[in-house]
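Mind folding the following:
(one chain, ligands or ions: 1)
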Amino acid sequence: MDDAVDLNRKHWDERAAYHPGTDYYDVEGFLDGGTPLPPEAREEFTPDGNLLHLQCHFGLETLAWLREGADEVVGVDSSPVAVEQARDLAKRAGYADRAEFVEADVLDVRLDWTFDAVFVSFGSVYWLPDIGRWAETVAAHLADDGTFYCIELHPVTHSFVEYAGDTATIGWPYFADEGIEYEAEGSYADFDAEFEHTHAVDFPHTMGGIVSALADAGLRIEFLHEFAWCDFQKVPGMTEDDAGRWWADVDHDLPFTMSLGARHG
Ligand SMILES: C[S@@+](CC[C@H](N)C(=O)[O-])C[C@H]1O[C@@H](n2cnc3c(N)ncnc32)[C@H](O)[C@@H]1O
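As a prediction, the model looks like this:
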C-alpha cells in the first residue's frame, strides 16, 4: 500500500507542476474573475463561514469558493508540489490572508479546527485505498450541522474505457476489491503532455460504498444527483460546452458525474 501511495504522490507532484499552465485549468481566466466551478456546484452548494477542501490539488477550486461566500478556506493535499503551487496562486490572486494550504494525507489528517463546510471534487476518491477513513476525515472536520458537498466522477465511469455510438467497451471492474495499477499517459488536462511518472494505482469505489461510508461516519445524506456530463473528455467523441462540461455524443445517457450533499449531526 505504501508503494501505491508513493507512486501516486510522484504522479501528482509532476502533474501539479504542469497543470497550472494548461488551458484546461485557465489560471489567467480565474485571476481575471472567472471560475473553475461548474454551474451545478454553484447552484447546489453555497458555503458560508470557513471551508475545508480535501485533495485540493493546486488550490484553484479552493480559492474559487472565496468568491462564492466562504470567508476562509483551507486546502489539504499530499503532494508538496501541489501545496507549494496553491500557496503561490493564493498570493497571486490576493487571497493569501484568507487561504491556508496543508501538506497531508487526507486519510490521516486531523486539523485543530472544524469547518462549516467540507468540499471534495473531481478526481479525488478513487486515489484513496480506504473510503471509510476518508469519510471519518470528513466527519472529524465538520462542525455540528456543517455541510459536506462532493462533486466527483460517477463511480460507474470507472468501468468505461471507451464508447462510441451504441458500443461501450467495459474496462475496469465496478466491484474492485483492490487497487488497479495502470499506465497513466498524459493528463486529463492535456492528453499530449509527456510525464516521467506514468504509472499509477487507482482504488475504485462503488456508489454504495461511498454513500454508506459517509452514513457510517455520521453524516446525513441530503441529496445524491447524477449527471450525463463530465468535467473533462473522459471518452473520445465528447464535445465541450461554454461552462467546460463535456457531453457524450450518443443516443443514450450514461452517468459521468455525481454530486452529493450531506449534513453533519
Ligand atoms: C485530480 S486532483 C484533484 C483535482 C481537483 N478537483 C482540481 O481540479 O483541482 C487529485 C489530487 O488528490 C491528491 N491526493 C491523492 N491522494 C491523496 C491523499 N491520500 N491525501 C491527500 N491528497 C491526495 C493529489 O495530490 C492531487 O492533487
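
Show me the strands in the stretch 151-265 of the chain, by range?
Read by DSSP state E, counting those that start in this stretch, the stretch 151-265 of the chain holds these strands, from start to end of the chain: 160-164, 167-170, 180-183, 199-202, 219-227, 229-230, 238-240, 246-248, 257-264.

and whichever residue of the chain sits closest to the ligand, how many neighbours does it have?
Per Cβ to the nearest ligand atom, Gly123 is where the chain lies closest to the ligand, at 2.8 Å. Glycine gets a C-beta too; all of them are placed from N, C-alpha and C. Residues lying near Gly123 (other Cβ atoms under 10 Å) number 14.

helix, strand or coil for it?
Counting by DSSP: H, G, I helix; E, B strand; the rest coil, the backbone at Gly123 sits in coil.

I'd say it and Leu153 touch.
Yes - judged on Cβ atoms under 8 Å, Gly123 makes contact with Leu153 at a distance of 6.6 Å.

Which residues of the stretch 1-150 of the chain lie near the ligand?
8, 12, 16, 55, 57, 60-61, 77-79, 82, 105-107, 121-124, 127-128 (Cβ under 6 Å from any ligand atom).

Please name the nearest non-neighbouring residue to Ala86.
The shortest distance from Ala86 to any non-neighbouring residue, by Cβ to Cβ, 6 or more residues apart in numbering, is to Gly59 (2.9 Å).

Buried residues in stretch 215-232, which are they?
Ala217, Leu219, Phe227, Trp229, Cys230, Asp231, Phe232 (16 or more other Cβ atoms under 10 Å).

so who does the second one touch?
If I follow you right, that is Leu219. Contacts for Leu219 (Cβ atoms under 8 Å, 6 or more residues apart in numbering) come out as Ala135, Val138, Ala139, Leu142, Phe148, Ala262, Arg263, His264.

Let me know whether the second one touches Ala217 as I believe.
What that stands for is Val138. Yes - counting by Cβ under 8 Å, Val138 does reach Ala217; the two are 6.5 Å apart.

Leu111 versus Ile180, what's the distance?
Computed as Cβ to Cβ, to the nearest Å, the Ile180 to Leu111 distance reads 31 Å.

buried subset of the contacts of Leu219?
Ala135, Val138, Ala139, Leu142, Phe148, Ala262, His264.

Closest one to Phe30 out of these, please.
Ranked by distance to Phe30 (Cβ to Cβ), the buried ones among the contacts of Leu219 are led by Phe148 at 24.1 Å.

For the residue of the chain closest to the ligand, which residues are in contact?
Gln55, Glu152, Leu153, Tyr188.

least confident pick among the residues you listed?
When those are compared on pLDDT, Tyr188 comes out lowest, with 88.

Assess the claim that it and Val235 are in contact.
No - contact between Tyr188 and Val235 fails when scored by Cβ under 8 Å: they sit 11.7 Å apart.

The nearest residue to Pro129 once chain neighbours are set aside and Val106, how far apart?
Nearest non-adjacent residue to Pro129, counting by Cβ to Cβ, 6+ apart: Phe203, 5.0 Å away. From Phe203 across to Val106, the span is 13 Å (Cβ to Cβ).

and if you look at Thr257?
21 Å.

Give me the buried positions along the helix or strand where Asp6 lies.
Counting by DSSP states H and E, the element that carries Asp6 is helix 2-18. Neighbour-count burial for helix 2-18 flags 4, 7-18 (criterion: 16+ other Cβ under 10 Å).

One more: stretch 87-97?
Arg87, Leu89, Ala90, Ala93, Tyr95.

Repeat that for stretch 37-46.
In stretch 37-46, counting by 16+ other Cβ under 10 Å, buried: Leu37, Pro38, Glu40, Ala41, Glu44, Phe45.

Reformat those as a markdown table; add secondary structure.
Below are those laid out as a markdown table (three-state DSSP):
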| residue | secondary structure |
| --- | --- |
| Leu37 | coil |
| Pro38 | coil |
| Glu40 | helix |
| Ala41 | helix |
| Glu44 | helix |
| Phe45 | coil |
